[in-house]
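>>> need the 3D shape of this:
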Amino acid sequence: MPTLRVNGRDAGPHKATVNPSLGARTVLTNSHWEYVALWLRREHKSDALFYWQQAQVFAKAAEGMPVASAPLLFYYAFMNATKALLAAKSIAFDEHHGVRAHNMRAASSKIALSNEGVRIMQRGIAPALSQYLQESEASDRHSLEDLLFNLPCIHRTFCLTYKNQKDLFIPLTDCRIEYDPASNSSFFSAKLSKDFADAMFIRRLPPSLVADPIAADGRKIRSVVTAPITRPVAKTAAELGALGTLLRTLRPDLNYIAGAQTLWYAKGVVAGPARLKRSPLTCTLLAMHRLSEICRYRPMELASFLNGQKNWLLTEFIRMSPPQFLDEIAAELTGQQFMVPNVRPAT
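Residues are numbered from 1 along each chain as shown. This next block holds a predicted model:
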């Protein structure tokens, strides 16, 4: 089936969850910070620009710091970037964290990622972000282990750390929106990566994604939900709105890793820590908040974590999550997609 076209470009999944600029050209830049600051100036978002610049100062200060100290500054970078997003979108929020520690140890004194908990409050920055992203997660209490499990950018590290853990994220290729002339509708289509071309991975797909019955090759999948678009080129506001709704509906089950190429993943269903109905943005903010508090108030416990069996996982999170968070928050702020310049993806 033909690929749906928007503004002369093939349509596919979009990094921005809420208001993607569909059909816009990808922004090629080595500095998300600079581009977004200029974008906020053009849009006359002075409050958001102030928060964004604060976030950049904290992020720059965290670069090169020891892993045991960096979470404090990275959290304040994440928090202020989130405030920039909320301010830019004219969303009222209480000027406090909106998340606090939650004791999950009970009678045990054991230090473990599974019993280091957070609780999301009714008001504040974290719940405002969750509401903006239209998250449907019912629980407001999560362990650090749960939060890290739900982050695609460190999931390989998670599975290597917990050796019996099956992959939650299934890598995809050939991600696009196909147009079906027989039904005058469009749907998301992709292939499982060759290393994941197996019936057991098809069975792990979330309910929103199924094996494509037409291809029947064990790799091609498609979305259950469709968009009522009556031609292979989406032009009208109604058609673009239908496409936006399709992408937003699927986005909880489609996550990505930023890099020289955008890598898309289906968020499957497997046994293990909780599969949270939350964006990686929110999970990252919550996890870094908890680590920042341990860094401030219980530094010897953070040292214990970093000297223990999960040291690689925590180190990878502290090092890998900042550029991923920045790419995601920049996409949500501007509605645009960002890539490193001078890198041409293979075709």
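
>>> next one: Pro345, what pLDDT does it get?
Pro345 is assigned 59 on the pLDDT scale.

>>> and Asn19, by the same measure?
94.

>>> does it touch Leu333 like I think?
No - Asn19 is not in contact with Leu333 according to C-beta atoms under 8 Å; the separation is 9.7 Å. Using the backbone N, CA and C atoms, a C-beta is placed for each residue, glycine as well.

>>> those two: which is more packed in?
Set side by side, Asn19 and Leu333 show more neighbours around Leu333, with 25 against 15, by other C-beta atoms under 10 Å.

>>> and that one, what pLDDT?
In this prediction, Leu333 has a pLDDT value of 98.

>>> kindly export the helix or strand where it lies (C-alpha atoms) in CSV.
Per DSSP states H and E: Leu333 is located in helix 311-334. The C-alpha trace of helix 311-334 is given here as CSV (Å, rounded to 0.1, in the frame of the first residue of the first chain):
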residue,chain,number,x,y,z
ASN,A,311,26.1,0.6,39.1
TRP,A,312,26.2,0.4,35.3
LEU,A,313,22.4,0.9,35.0
LEU,A,314,22.5,4.0,37.2
THR,A,315,25.6,5.4,35.5
GLU,A,316,24.0,4.9,32.1
PHE,A,317,20.8,6.6,33.2
ILE,A,318,22.7,9.6,34.5
ARG,A,319,24.8,9.9,31.4
MET,A,320,22.3,8.9,28.7
SER,A,321,19.0,10.5,29.9
PRO,A,322,20.0,14.2,29.6
PRO,A,323,20.5,14.3,25.7
GLN,A,324,17.4,12.1,25.3
PHE,A,325,15.3,14.3,27.7
LEU,A,326,16.5,17.4,25.8
ASP,A,327,15.5,16.0,22.4
GLU,A,328,12.0,15.0,23.7
ILE,A,329,11.3,18.2,25.5
ALA,A,330,12.5,20.3,22.5
ALA,A,331,10.1,18.3,20.3
GLU,A,332,7.2,18.9,22.6
LEU,A,333,8.0,22.6,22.9
THR,A,334,8.3,23.4,19.2
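
>>> buried stuff in that helix?
313-318, 320-322, 324-334 (16 or more other C-beta atoms under 10 Å).
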